[in-house]
Every structure is written in structure tokens, then in C-alpha cells.
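Chemist: structure, please.
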Amino acid sequence: MKKLNWWIFCVFCCANAFALPGTVDVDGPKNITADKIEYDVKNAQIKTVGKTTITNQSGQTLKLNNSDFSERGEKIAGSDIELWLGDHIYITAETISRDGNITVADDAMFTACEGCDSYGNAWEIFATTIKHDKQERNLYFHNPILWMYDLPVFWFPYYYMPDPGVKYRSGLLMPDFNSTNNMGTQINLPIYISFSEYHDATVTMSYLTDENPLVQIEHRLNMEHSKFRTNGSYTHNKAGKDRWSIFNNDVIELGEYARAEISLERVSDKTYLQKYGFYNYQPYLDSGAQIELFGQSGYVVADTHFFQELRTAGRTESSMDGNILPNVRGVYQTAPIYRETYVLLNSDILGVDGHNNTGMQRVIGDARIVSPWTIWGGNRITLSMDTRYDVYNFQNYDLVDNPDFTGVKNRFLPSGYVEWGLPLFRPGENWTHVLEPRARITMMRHTKSDEVFATTNDSAGALLSDMTLFSNNRFAGYDLWENGTFADYGLRWATYGANAESAEIFFGQSYDLSGRSDTDANSGFHKGASDWVGRVGLNNGSWLGLNSRFRFDRDTFALRHIETDVNLGTSRNYVSVGHIWSEQLDEAFLGQDINETTTGVRIQLTERLSLNFNAVYNNTYHQFQNHSGLLFYQHPCYFLSLGYRTDNAIRQEYAGNTTFQFRFGLNY
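Modeler: As a prediction, this is how the structure comes out:
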């Protein structure tokens with residue numbers, strides 16, 4: 001067998017390029033192998049006899065018998081063709097001919113799944129004719145039949161798709177199917193639209209047997225310093241209502257130290273997202289804009305928020321009251337002014353545009369000096385002094401002691417703390433142990449009540465946990481203030497293994513030295529000593545992870561609150577269980593303890609087949625809040641999934657939804 005290398009071919013033929021389907025005419029043959037090779041200098045024609053293999057510069061290969069082709073590859077003919085477009089992508093044909101940009105293969109087969117299974121190709125498309133248009137970069141199939149594992153599955157009179165060298169191309173995507181308990185069967189037909197390499201959209205037309213059609217649009221645009229994402233949907237249902245949703249998020253980089261973000265979240269009504277399967281348990285939608293400024297030692301963010309409430313007002317939850325216009329927060333930390341001592345400056349400006357001509361503006365200024373020291377014996381001492389000043393301007397606002405108030409209120413809060421810690425290390429060959437006692441005393445000016453002005457505020461009250469100890473403010477939010485002097489103390493033990501194993505135990509308590517105002521009975525705070533709080537963590541570095549935080553009654557040591565997460569297994573096979581239980585001590589909610597379990601399971605049944613299950617179970621009411629399952633088969637040449645989702649959440653006139661989904665797609 002003779003072999004004609006490309007450099008010799010250039011010398012004799014002065015050939016410029018040789019194009020194959022899926023390539024552009026800039027990539028000539030690298031070598032040609034055949035039983036016999038002839039070159040007609042006068043007509044610039046190449047003829048091979050016997051088995052011929054032509055490989056171009058990109059590695060694509062054409063195998064055929066007794067070929068004739070022009071020097072530039074405009075015309076080619078042969079028989080028993082194998083055209084390899086990639087590692088697993090090829091076309092076989094009885095004959096092949098080419099004229100200019102058009103290559104035609106007769107009695108042909110196309111697959112992108114060669115060699116993926118030992119017992120045969122997973123899928124193949126047989127056609128009487130496969131035509132490739134090099135200029136349009138398309139493959140056209142006449143009378144195609146889709147075969148899977150040597151069985152005919154679908155027949156189409158005509159089909160076309162972009163050739164494997166095309167990264168993006170507009171056209172129909174593989175449909176998928178849903179079946180719900182209130183809208184019947186849903187057939188989703190996605191249409192992909194490519195505007196450029198960085199700009200595209202997907203329009204999905206959905207037909208529902210028991211409801212009117214639904215249209216979904218997803219738009220994506222990436223630019224050098226920004227990205228834009230928009231999702232929307234619309235339907236005019238059988239009840240004659242226009243129902244729709246729009247979600248938009250744009251991120252714009254304004255240089256190395258600035259970034260802007262614009263978001264829009266709106267729906268036609270409170271139950272639309274849940275009914276059509278777009279609901280992710282969000283309590284409200286948040287639209288607005290934000291700009292962030294970064295510095296080496298400082299950070300400023302300004303944002304606005306416009307809310308749409310999705311919950312129904314009840315005794316355990318309330319609707320959003322007003323929009324935020326605007327909120328500006330700034331943080332600046334100085335370089336060390338003496339050893340490790342630094343100054344931290346905070347500011348917060350908030351405007352709330354309420355309903356019924358109500359409003360409130362708040363300005364907060366806060367300055368703190370922090371001085372950490374390490375002294376003899378490894379003792380760590382941290383000293384801090386803080387001063388905060390708030391100014392509120394109310395318009396027709398209901399205050400605690402004055403309804404429908406208009407005017408200015410202000411308050412001043414100096415505070416400081418001293419914190420001590422002594423980490424004791426015991427290193428070993430396999431394990432390192434750490435024992436750290438820690439204590440802090442925080443001093444604040446004692447004020448009447450909690451000195452909160454308005455009946456509605458951004459504070460959710462206090463809830464004692466191991467994360468609350470040793471914090472500057474034990475209340476959530478800005479509006480509610482801590483009071484007087486209190487102490488935090490606790491003991492932490494941890495150990496770390498040489499193979500990423502770890503274990504941790506923490507136990508602590510808080511003590512109010514000043515008479516504090518009444519707080520939520522479930523908070524864990526009392527006059528004097530609080531409840532006991534702690535956490536436990538365990539990780540064996542491979543298949544076991546456990547984290548639990550808890551609270552015990554200060555007097556009886558009865559369990560009041562516990563949150564636990566356990567993960568067993570690896571990323572391929574695992575079981576995760578989460579549980580939260582909290583006793584309700586408030587008389588209004590006695591007998592309604594929070595008791596919820598979450599479960600996640602993944603089982604890799606085979607190398608390609610996996611089973612997933614997730615659930616949230618309300619143990620108080622003995623029912624699932626939601627659960628879902630998915631059977632997923634990932635083949636190198638295609639994917640197949642069958643799943644369901646049940647949502648038992650109740651929203652006004654709409655209660656619950658079960659959806660089944662089937663998806664199938666080919667890879668090439």
C-alpha cells in the first residue's frame with residue numbers, strides 16, 4: 001500500500017484545501033493512503049484505486065473505495081463510504097458525490113454513538129439520502145428512520161440538523177412531556193434561537209389537555225462585562241384570565257471596583273407559580289436595583305426593593321408592608337492604628353414607602369474600635385468600644401405609644417465589650433486536640449423597654465443559639481435594640497485527624513446582668529441566665545458528616561430546640577437527613593411544635609442509571625409538604641429521565657399539585 005504525504009502532495013499538485021462535511025475550506029488533507037494513487041496534472045484530478053483513507057489537518061477521516069476528486073475538493077466520488085466527523089461521529093454510504101458545497105451520500109447511515117456500547121450503536125439514523133451543505137453547515141436527511149439498538153423507533157419524511165462542527169444553531173429541540181393532576185398532559189416543544197455566540201433564547205410552546213396553551217421564553221445575553229437573563233411565561237386560561245410571570249436579572253460590571261444589578265420579579269397572581277410548576281416556595285417576590293462599590297478597606301451598596309407578597313396573611317405570617325426606597329449601607333475598616341487595633345465604621349440609610357400614605361426614613365451611624373491582644377500564656381483578649389446613633393423620620397406611622405405619628409425620633413446607644421479566650425492545643429502524630437474556654441461581657445446603656453418605636457419593624461426578635469453567643473447584637477435586624485449588660489460564656493473542644501477527620505463539641509450560655517424586657521417565650525432568653533445552647537459536629541473525612549445544634553432549658557435541662565443534618569455516603573450514593581424540632585411555649589401556639597424532616601437519597605444503580613428522591617415531611621401534621629423523585633439514565637449518546645414532583649402547599653383557592661415529567665435527548 002502506498003502513502004502520499006501532504007507535503008509531497010503540495011509539491012506535485014499545488015493543492016489549496018480539501019473540505020469534508022463539518023469543516024471549512026481552510027484545512028487541507030494531511031495524508032492520503034491508498035493501494036494506488038494517480039494524479040492528472042492537466043485536469044488537476046486525483047484518482048485512487050482500492051481502499052483509500054484521507055485524513056485532514058483536524059483529524060477528520062474519509063474512508064472509501066476507488067475515489068475520484070479534484071485538487072481543491074470541489075468534486076468527489078467514491079463507494080463504500082465512511083466519513084468520520086469526530087471520535088464517535090460518522091456517516092456510512094453506498095456512494096458519495098460532491099459538487100461544490102454540496103455533498104450527497106446515498107443509502108446512508110449517520111450516528112454520533114459509534115463504540116459507546118459493546119453490543120452496538122445506541123442510535124443511528126438511516127436515510128435514502130443524506131445531503132451536506134458546507135456553506136449552510138447543515139445535514140439534510142430524506143426519509144430518515146431513527147434506530148435504537150437495531151430497532152426502528154421513529155420515521156420522518158424529512159429532517160435536518162446542523163453538522164457537528166456547528167456550536168450554535170436555531171431550531172427545534174427535543175420535546176418533553178408533563179402530566180399533572182389538574183391540567184392533564186402537558187407537551188413542551190422548545191425552540192432554540194441563536195442570535196450570536198453570546199446571545200440566544202429558548203421559546204417553549206406548551207400544549208395542555210385540560211388547560212389552554214402556555215408560552216415560556218428564556219433569553220440570555222452575555223457581554224464582555226455584563227450578563228442579562230430573562231424568563232417569562234404567559235397563558236390565557238379557560239377561565240378567561242391572563243396569567244403570566246416575568247423574572248429578570250442583569251449584572252453589569254462597572255470596572256474593577258463597581259458592579260450594578262437589576263432584577264424584576266412579578267407574577268399575575270399569588271397562585272400562578274405554584275399551579276404551573278414554577279413555584280420554589282418563595283414567600284414573596286423581590287424586584288429592584290443594586291449598585292456595589294468595592295475598596296481595599298471599604299464597601300458600599302445601595303439598593304431598592306419592590307415586593308410582591310405571595311403568602312396569605314394569617315396569624316403566623318404577615319404580608320410585606322411597603323417597599324424599600326432606597327437602602328444604602330457602607331462599611332469601612334481602617335488599617336491598624338496601633339499593633340492590631342483598628343476602627344470599623346458602619347452606616348445605613350433606609351427608606352420605606354408604606355401603604356395608605358405611610359412612610360419612614362432611617363439613618364444609622366455606627367463607629368467601633370476593636371483591639372485584639374495576645375498576652376502571656378496564650379491568652380487572647382479583645383477590647384471593643386462602640387457608639388451608635390439612630391434618627392427616624394415617620395409619616396403617619398403607628399408607633400408603640402403613639403398611633404398615626406408624624407415626626408422625628410432619635411436614640412443613642414454606647415456599648416463595649418471585653419472578650420477572653422484561651423485556646424489550648426495538644427498536637428499528636430495522628431490527632432490534634434483543641435480545648436478553648438471563652439467568655440465575653442457586653443456593656444450597653446440600659447434603655448426603657450427595647451426602645452423600638454414602630455409596631456412594624458425589620459426585627460424578627462431574638463432566638464438564642466450557639467451562633468447568637470458572642471455577637472454584638474442578639475436581635476435580628478436593626479430596629480430592635482439590645483439592653484443593659486450581659487455576659488456570654490462557653491467551652492469548645494475540637495479534634496482534627498491526619499486524614500481530614502474532625503469532631504467538635506460546644507456548650508455555652510448567656511446571662512443578663514440587667515433586668516431585660518419580656519421576650520418571646522420561645523426565644524431561650526430569660527431574666528438572669530438563659531437556656532443552654534450547643535453544637536456537635538462529626539466528619540470522618542469520607543462518607544459520614546453530622547452537624548447538630550440544640551438548646552436545653554436552663555432549669556430542667558429539657559430539650560427545647562434541635563436541628564440536625566446527617567450525610568451518609570459519597571457524591572454518587574448518599575442519604576441525607578435533616579430534622580428540626582422546636583417546642584412552642586407561647587400560649588397562642590401550644591400543641592403546634594415545629595417538627596419537620598427533610599430527606600435526600602441518591603442511588604447509583606449502574607454506571608449510567610441513578611435514582612434520586614427528596615422529601616419534606618411535617619411531623620406535626622403527619623403529612624408531606626412536598627416530595628419528588630427522578631430516575632435518570634445518562635448515556636454518552638443520549639439521556640433519558642422520568643420524574644415526578646408533589647407539592648402539597650396550599651395557596652388560597654389552589655391546593656397541591658402532582659407533576660410527572662418524561663425527557664429524552666440525543667447527544668452528538
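Chemist: lowest-confidence helix or strand of the protein?
Modeler: Among the helical and strand segments of the chain, the one scoring lowest on mean pLDDT, DSSP states H and E is helix 6-13, with a mean of 30.
Chemist: in the sheet, who's paired with Q45?
Modeler: Using DSSP bridges, the bridge partners assigned to Q45 are D40, S70.
Chemist: domain-wise, how is this protein divided?
Modeler: When the chain is parsed into structural domains using automatic domain parsing, the resulting residue ranges are 2-166, 167-320, 329-545, 570-668.
Chemist: can you list those domains in CSV and add mean neighbour count and distance to H561?
Modeler: Bear in mind the C-beta positions are built from the backbone N, C-alpha and C, glycine included. Supplementary listing: those in CSV, determined by neighbours: other C-beta atoms under 10 Å; distance: least, C-beta to C-beta, whole Å:
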stretch, mean neighbour count, distance to H561
domain 2-166, 17, 53
domain 167-320, 15, 17
domain 329-545, 16, 7
domain 570-668, 15, 4
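Chemist: distance to R554 for those domains - can I get that in TSV?
Modeler: Formatted as TSV, the domains of the chain follow (distance: least, C-beta to C-beta, whole Å):
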stretch	distance to R554
domain 2-166	64
domain 167-320	26
domain 329-545	5
domain 570-668	13
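Chemist: closest to R551 out of these?
Modeler: Between R551 and the domains of the chain, the shortest gap by C-beta to C-beta is with domain 329-545, which sits at 4.9 Å.
Chemist: tally up the residues packed near G322, please.
Modeler: Neighbour count for G322, taken as other C-beta atoms under 10 Å: 17.
Chemist: for it, give its distance to L422.
Modeler: Taken as C-beta to C-beta, to the nearest Å, the spacing of G322 relative to L422 amounts to 48 Å.
Chemist: and for K131?
Modeler: Between K131 and L422 the computed distance is 80 Å (C-beta to C-beta).
Chemist: then L435?
Modeler: Using C-beta to C-beta, one obtains 9 Å as the distance from L435 to L422.
Chemist: do R411 as well
Modeler: Using C-beta to C-beta, R411 is found at 37 Å from L422.
Chemist: secondary structure class for the residue nearest to N619 when sequence neighbours are not counted?
Modeler: Spatial nearest neighbour of N619, excluding adjacent residues (C-beta to C-beta, 6 or more residues apart in numbering): N595 at 3.9 Å. Reducing the assignment at N595 to three states with DSSP: H, G, I helix; E, B strand; the rest coil gives strand.
Chemist: was I right to think N595 contacts H622?
Modeler: No: at 9.8 Å, N595 does not count as touching H622 under the criterion of C-beta atoms under 8 Å.
Chemist: could you report the pLDDT at the closest residue to D107 other than its chain neighbours?
Modeler: Setting aside the residues directly before and after it, D107 is nearest to E94 in space (C-beta to C-beta, 6+ apart), at 4.2 Å. Predicted confidence (pLDDT) at E94: the value is 80.
Chemist: can you check Y158 too?
Modeler: The predicted local confidence for Y158 comes out at a pLDDT of 88.
Chemist: can you give me the helices for the protein?
Modeler: Along the chain, the stretches classed as helices by DSSP state H are 6-13, 272-275.
Chemist: the last one packs against which elements?
Modeler: Other elements packing on helix 272-275 under the criterion 3 or more C-beta pairs under 8 Å, 6 or more residues apart in numbering; DSSP states H and E are strand 242-253, strand 638-651, strand 654-666.
Chemist: reformat those strands as TSV; add distance to L630.
Modeler: Converted to TSV, these look like this (distance: least, C-beta to C-beta, whole Å):
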stretch	distance to L630
strand 242-253	24
strand 638-651	4
strand 654-666	9
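Chemist: show me the one of these that comes nearest I187.
Modeler: I187 lies closest to strand 654-666 among those, at 10.2 Å (C-beta to C-beta).
Chemist: what angle do that closest one and strand 638-651 make?
Modeler: Using axes from the mean of the first three to the mean of the last three C-alpha atoms, to 10 degrees, the inter-axis angle of strand 654-666 relative to strand 638-651 is 170 degrees.
Chemist: pull up the pairing partners for strand 654-666, direction included.
Modeler: When pairs are called by DSSP bridges, strand 654-666 turns out to pair with strand 176-180 (antiparallel), strand 638-651 (antiparallel).
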